[in-house]
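Visitor: Sharing a model that was predicted from the sequence below.
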There are 2 protein chains.
Amino acid sequence: MAQEPRPEEIPTLDQARYQIRRYGLDVDPQAVLVAVRLMAAGARLGQAVEVHFSRFGLSAGRYRLLADLEDADGEKSPSQLAASLGVSRATVTGLLDGLERDGLVLRRPSAEDGRSAVVVLTARGARKMRELAPEHFGRLQAMVDPLSAEERTVFLDLLGRLVRGIPALTQD
Amino acid sequence: MAQEPRPEEIPTLDQARYQIRRYGLDVDPQAVLVAVRLMAAGARLGQAVEVHFSRFGLSAGRYRLLADLEDADGEKSPSQLAASLGVSRATVTGLLDGLERDGLVLRRPSAEDGRSAVVVLTARGARKMRELAPEHFGRLQAMVDPLSAEERTVFLDLLGRLVRGIPALTQD
DNA sequence: AGCATTTGATTAGTCTCCTAACTATATGGG
DNA sequence: CCCATATAGTTAGGAGACTAATCAAATGCT
């Protein structure tokens, strides 16, 4: 009776070992496993988050934009939003199209700079954020509940150091 | 001179605190930070991985499909691929279209089941995997290098427990 | 044996993200 | 002062993922 690996244990260490051995490489399978599991976890979490936000008629990107706007007291240019969200300006244009259609934000031309726009959080947008906050943050907390306070600190440290290693994937 | 937070430290604990306080919620800001940083890390890693694979004319999804096919000794049905990759069959159809166009796999009708197809890794597909393996695994290892062996073990444990908590975002 | 259900694969349509190209406005060096 | 360059925003087109609908083949229940 083969023990099926649980989805959070996919991919397995053995898979990593086989793949490395197949090419006769001198690589630490556990290091590969860390990288691959983090990718898998990111993808799974990303999908779950989209499902979560769809309950409120939002996507992860739209929620993040609204939250960022609220952090900025309700006004910010699309370029600034793109920079703080870490997405392209084209993506912000798309997010704003949806949010404006739903009446959660509106675009005003900037007074100082004729090229620029100002995105304003509407009353309806603020209300939406207020309404979904308890459930949203409650579920985030529930997700992280299995970790103790010390474990959370350790996790943030280790994750930060991995994120700092990401450029190794892409540089020169 | 305000110290700009480094990108791996975005979002900050203060941002989480403000957002929670704004709605008068009783939530642990550090727990929220863990959730939000993991999402951000997943997104960043996902993008970096796409850049990484684009050097070889592949995407992350196509690479994973090829690797899975190789683990299965070069033959598998699209449905099996979808199940083991954790994506929909429609997604596999799209990945196979690209891979077949590039001559890395081919589709044969199944002998046993007239509805089914068999995806076969071509010699060219196997060669591609062999060629990219050293750089691919080397870069993965470089990314994880900042963590010691013990830290990797701890990280895998904590990450696994967080992944097990993901359903809290979506259930009922 | 025949018909309903299930399963495998594809297609169509949506969503988010990307890059590249375009338009309009601002800025700064000669 | 004017023209080159840079910046803001949008548009166009692509890739990967999803769901839902479709079609063919296999299974299985009477």
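Guide: Yes, it's here. Numbers count the residues shown, from 1 in each chain, chains lettered A, B, ... in the order given.
Visitor: okay, residue A:9: pLDDT?
Guide: Note for residue A:9: predicted pLDDT of 73.
Visitor: Could I get the contacting residues of it?
Guide: Listed by CB atoms under 8 Å, 6 or more residues apart in numbering or on different chains, the contact set of residue A:9 reads residue B:160. C-beta: built from backbone N, CA, C; applies to glycine.
Visitor: Over to residue A:59?
Guide: A:50, A:53, A:95, A:98.
Visitor: in chain A, what residue is nearest chain B?
Guide: Chain B sits closest to residue A:42 of chain A, with a gap of 2.1 Å, by CB to the nearest CB.
Visitor: returning to what we had before: okay, the contacts of residue A:59 in JSON lines with neighbour count, distance to DNA strand C and pLDDT next?
Guide: Converted to JSON lines, the contacts of residue A:59 look like this (neighbours: other CB atoms under 10 Å in any protein chain shown; distance: CB to the nearest atom of the strand, whole Å; pLDDT from 0 to 100):
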{"residue": "A:50", "neighbour count": "15", "distance to DNA strand C": "7", "pLDDT": "93"}
{"residue": "A:53", "neighbour count": "19", "distance to DNA strand C": "9", "pLDDT": "95"}
{"residue": "A:95", "neighbour count": "24", "distance to DNA strand C": "5", "pLDDT": "96"}
{"residue": "A:98", "neighbour count": "16", "distance to DNA strand C": "5", "pLDDT": "94"}
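Visitor: Return the member of these nearest to residue A:145.
Guide: Closest approach between those and residue A:145, by CB to CB: residue A:53, at 20.1 Å.
Visitor: The closest one reaches residue A:65, doesn't it?
Guide: No. Contact between residue A:53 and residue A:65 fails when scored by CB atoms under 8 Å: they sit 11.7 Å apart.
Visitor: coming back round to it: find the helix or strand that the residue of chain A closest to chain B is a member of.
Guide: Secondary structure from DSSP states H and E places residue A:42 in helix A:29-54.
Visitor: which secondary structure elements does that helix contact?
Guide: helix A:13-22, helix A:60-71, helix B:29-54, helix B:123-144, helix B:149-165, helix B:167-170 (3 or more CB pairs under 8 Å, 6 or more residues apart in numbering or on different chains; DSSP states H and E).
Visitor: Check what contacts the second one and list those residues.
Guide: When contacts are taken as CB under 8 Å, 6+ apart, the neighbours of helix A:60-71 outside the stretch itself are A:46, A:49-50, A:53, A:56, A:58, A:75-76, A:81, A:84-85, A:87, A:91-92, A:95-96, A:98-99, A:104-105, A:119, A:121, A:125-126, A:128-129, A:136, B:15, B:18-19, B:22, B:39.
Visitor: List buried residues within the residues you listed.
Guide: A:49, A:53, A:58, A:76, A:81, A:84-85, A:87, A:91-92, A:95-96, A:98-99, A:104-105, A:119, A:121, A:125-126, A:128-129, A:136, B:15, B:19, B:39 (16 or more other CB atoms under 10 Å in any protein chain shown).
Visitor: which of the residues you listed come close to DNA strand D?
Guide: A:92, A:96 (CB under 7 Å from any atom of the strand).
Visitor: and residue A:103, what is it in contact with?
Guide: Counted by CB under 8 Å, 6+ apart, residue A:103 has contacts A:122, A:124-125.
Visitor: now it, what's its secondary structure?
Guide: On the three-state scheme (DSSP: H, G, I helix; E, B strand; the rest coil), residue A:103 is labelled coil.
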